[in-house]
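Asker: below is the sequence, then the predicted model.
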Amino acid sequence: MGAVVRFNHVGKKFCRGEVHDSLRDLLSSSIRRLCGRHNGRVDNSFWALRDVCFEVEEGQALGIIGPNGAGKSTALKLLSGILRCDEGTIEVEGRLAALIEVGAGMHGDLTGLENIYLNGAVMGMTRQEINSKLDDIIAFSGLESFIHTPVKRFSTGMQARLGFSTAAHVSPDVLLVDEVLSVGDAAFRHRCEQRMTEMVRNGTTLIFVTHNLEQMRRVCDRALVLDSGRCAHLGATESAVEHYLDATMNVVGAIEYTDQPIDKNRVAEVIDLQYLGDGNEPLTCADPRKPVRVEVSFEVRRHVPRLGVEVNIRQMGGELLVSMASSRSGVEYEVRPGITKVVMDLPAFPVASGTYSAQVRLMDLDSCRFVDETPYKYRLQVDDNGLTTGMLSLVNDWSPVPQREIEQTPVAAGAA
């Protein structure tokens with residue numbers, strides 16, 4: 001199999017500030033210059049992408065991840081032909097379908113049904129092809145009751161449903177999907193994930209931009225990490241996710257909460273979190289059936305009568321797994337200036353094999369303010385020896401039921 005998508009040393013440049021793309025804009029800008037309200041010509045250009053290279057073979061799924069502003073959506077718009085690159089070349093073989101922005105390619109005054117025909121025609125389908133797949137498109141979208149309603153009356157979630165359903169049924173050789181699926185409900189997102197997996201299995205090439213790392217893990221076998229418009233990593237999904245999280249989760253920065261703001265005076269500061277095994281030995285790889293001790297050390301700079309300690313754990317790149325707070329267990333600490341250590345004992349850590357990371361939060365319970373918060377940077381590897389699959393690793397004992405205990409139910413007369 002050869003590459004059907006090629007991104008060869010691609011660069012795209014934009015300009016910050018004003019862009020004169022109409023006569024009205026040009027006239028108003030000229031008047032400002034004549035009135036002396038123009039500071040001269042300044043080069044406000046910047047590279048949204050620079051020297052980015054990757055290839056995707058037929059039937060492969062490539063995820064594109066990175067922080068906001070990294071150039072992910074720009075890459076998809078270049079691939080779909082919405083934008084043209086300023087450097088390098090882009091090659092895409094076969095029919096391409098793109099779902100890049102909610103409502104993109106839809107006419108608000110046309111009904112959902114009319115927009116299916118419009119989008120299908122734009123993607124290269126004949127009317128006969130659209131007719132043959134129309135029932136499947138409508139059924140997948142779940143919009144049977146609204147298919148004759150103008151799209152301008154659709155919610156963003158309904159527009160995403162219609163757009164993805166159309167794009168997924170045009171039998172594209174290459175499918176581009178941006179973060180638009182995040183506006184759909186959980187059931188529809190799950191159907192979209194299953195549909196993308198099925199399409200890749202049948203030979204469609206998928207390029208998927210998302211912030212949902214766990215979903216990308218399930219759908220994509222390779223991933224590209226973009227950072228500030230450049231390729232930071234390209235490889236297997238797991239290694240790409242680890243690279244991305246290393247670069248983002250170890251950035252120390254307090255998060256503001258409107259109801260529980262961070263105390264700017266730095267009353268306390270987390271020093272470290274350690275995982276310990278049965279004999280208080282440092283633990284780097286845990287058995288989910290054995291106890292784990294979590295030891296948190298922190299420094300306090302003034303007397304705090306009531307301090308709460310919270311440990312949050314998530315799977316690398318996944319959603320929050322568990323949040324455990326001393327105050328919710330009825331435990332509060334009176335601490336004085338100096339270094340303090342507290343421990344939390346877990347009788348087991350029943351999660352599936354993988355890498356997990358924890359953060360620590362300290363709260364002054366009297367003022368209801370977080371006095372410190374770390375990134376998710378304290379890692380623990382878990383190995384359940386293949387006991388289970390999924391998120392949890394639960395001990396499961398199996399045994400046969402003795403034959404004498406199996407009740408024999410007579411078959412009803414005349415039953416087939």
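Answerer: On my side now, so go ahead. Bear in mind that the values here come from a model prediction, so they are computed numbers and not experimental data.
Asker: and the nearest residue to residue 78 once chain neighbours are set aside, its phi and psi?
Answerer: Leaving aside its chain neighbours, residue 78 sits nearest to residue 85 (5.4 Å; criterion: Cβ to Cβ, 6 or more residues apart in numbering). The C-beta positions use only the backbone N, C-alpha and C, and glycine is treated the same way. Residue 85 adopts backbone torsions of phi -80, psi 150, taken as degrees, to the nearest 10.
Asker: contact partners for residue 85?
Answerer: By Cβ atoms under 8 Å, 6 or more residues apart in numbering, the residues touching residue 85 are 10-12, 49, 78.
Asker: can you pull out the low-pLDDT segments for the stretch 101-250 of the chain?
Answerer: Scanning the stretch 101-250 of the chain for pLDDT under 70 picks out 101-105, 180-185, 248-250.
Asker: what segments of the stretch 301-416 of the chain are strands?
Answerer: 304-315, 320-325, 333-335, 338-346, 354-364, 369-373, 378-382 (DSSP state E, counting those that start in this stretch).
Asker: now the third one: buried residues?
Answerer: For strand 333-335, a neighbour-count test (16 or more other Cβ atoms under 10 Å) marks 333, 335 as buried.
Asker: which phi and psi does the residue lying closest to residue 197 once chain neighbours are set aside have?
Answerer: Counting by Cβ to Cβ, 6+ apart, residue 197 lies nearest to residue 219, which is 5.8 Å off, once chain neighbours are set aside. The phi/psi pair for residue 219 (degrees, to the nearest 10) reads phi -100, psi -40.
Asker: which residues does residue 219 contact?
Answerer: Counting by Cβ under 8 Å, 6+ apart, residue 219 makes contact with 61, 63, 193, 196-197, 200, 206, 208.
Asker: before we move on, what about residue 365?
Answerer: 306-308, 327, 332.
Asker: same thing with residue 343?
Answerer: Residues counted as contacts of residue 343 (Cβ under 8 Å, 6+ apart) are 293-296.
Asker: check residue 349 too.
Answerer: Here residue 349 is in contact with 286, 288, 290, 292, 380, 382 (Cβ under 8 Å, 6+ apart).
Asker: now with 10 Å?
Answerer: 275, 283, 286-292, 294, 313, 322, 356, 380, 382, 384, 393 (Cβ atoms under 10 Å, 6 or more residues apart in numbering).
Asker: about what we covered before: out of the contacts of residue 365, which is most surrounded?
Answerer: residue 307 (23 neighbours; other Cβ atoms under 10 Å).
Asker: residue 268 is in contact with that residue, correct?
Answerer: Yes: counting by Cβ atoms under 10 Å, residue 268 is a contact partner of residue 307 at 7.1 Å.
Asker: picking up where we left off before, need the strands of the stretch 301-416 of the chain in a markdown table with distance to residue 123 and mean pLDDT, can you?
Answerer: Formatted as a markdown table, these follow (distance: least, Cβ to Cβ, whole Å; pLDDT from 0 to 100):
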| stretch | distance to residue 123 | mean pLDDT |
| --- | --- | --- |
| strand 304-315 | 37 | 94 |
| strand 320-325 | 38 | 91 |
| strand 333-335 | 61 | 95 |
| strand 338-346 | 52 | 96 |
| strand 354-364 | 39 | 91 |
| strand 369-373 | 47 | 91 |
| strand 378-382 | 44 | 89 |
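Asker: and these: which comes nearest residue 160?
Answerer: Residue 160 sits nearest to strand 320-325 of all those, at 24.7 Å, using Cβ to Cβ.
Asker: what lines up beside that closest one in the sheet?
Answerer: Next to strand 320-325 in the sheet, as set by DSSP bridges, lie strand 304-315 (antiparallel).
Asker: what are the buried residues along the strand it pairs with?
Answerer: Within strand 304-315, judged by 16+ other Cβ under 10 Å, the buried ones are 304, 307-315.
Asker: bridged to residue 343, which residues?
Answerer: Here residue 343, judged by DSSP bridges, has bridge partners residue 295.
Asker: and it, how far from residue 279?
Answerer: For residue 343, the distance to residue 279 equals 14 Å [Cβ to Cβ, to the nearest Å].
Asker: likewise residue 59?
Answerer: Taking Cβ to Cβ, one finds residue 59 at 50 Å from residue 279.
Asker: more neighbours: which of the two?
Answerer: Between residue 59 and residue 279, counting by other Cβ under 10 Å, residue 59 is the more crowded of the two (17 against 5).
Asker: burial count for residue 336?
Answerer: 10.
Asker: so how far is residue 207 from it?
Answerer: Counting by Cβ to Cβ, the gap from residue 336 to residue 207 is 56 Å.
Asker: could you count how many residues lie near residue 73?
Answerer: Applying other Cβ under 10 Å, I find that residue 73 has 19 neighbouring residues.
Asker: sorry, wrong one. I was asking about residue 328.
Answerer: By other Cβ under 10 Å, neighbour count at residue 328 equals 10.
Asker: could you double-check that it lies in contact with residue 322?
Answerer: No: with contact defined as Cβ under 10 Å, residue 328 does not reach residue 322; the gap is 11.7 Å.
Asker: of the contacts of residue 343, closest to residue 123?
Answerer: Once Cβ to Cβ is applied, the member of the contacts of residue 343 that ends up nearest residue 123 is residue 294, at 52.7 Å.
Asker: for residue 245, which three-state class applies?
Answerer: helix (DSSP: H, G, I helix; E, B strand; the rest coil).
Asker: quick one, what contacts it?
Answerer: Contacts for residue 245 were tallied using Cβ under 10 Å, 6+ apart; they are 65, 213, 225, 316-317, 355, 357, 375-377, 379.
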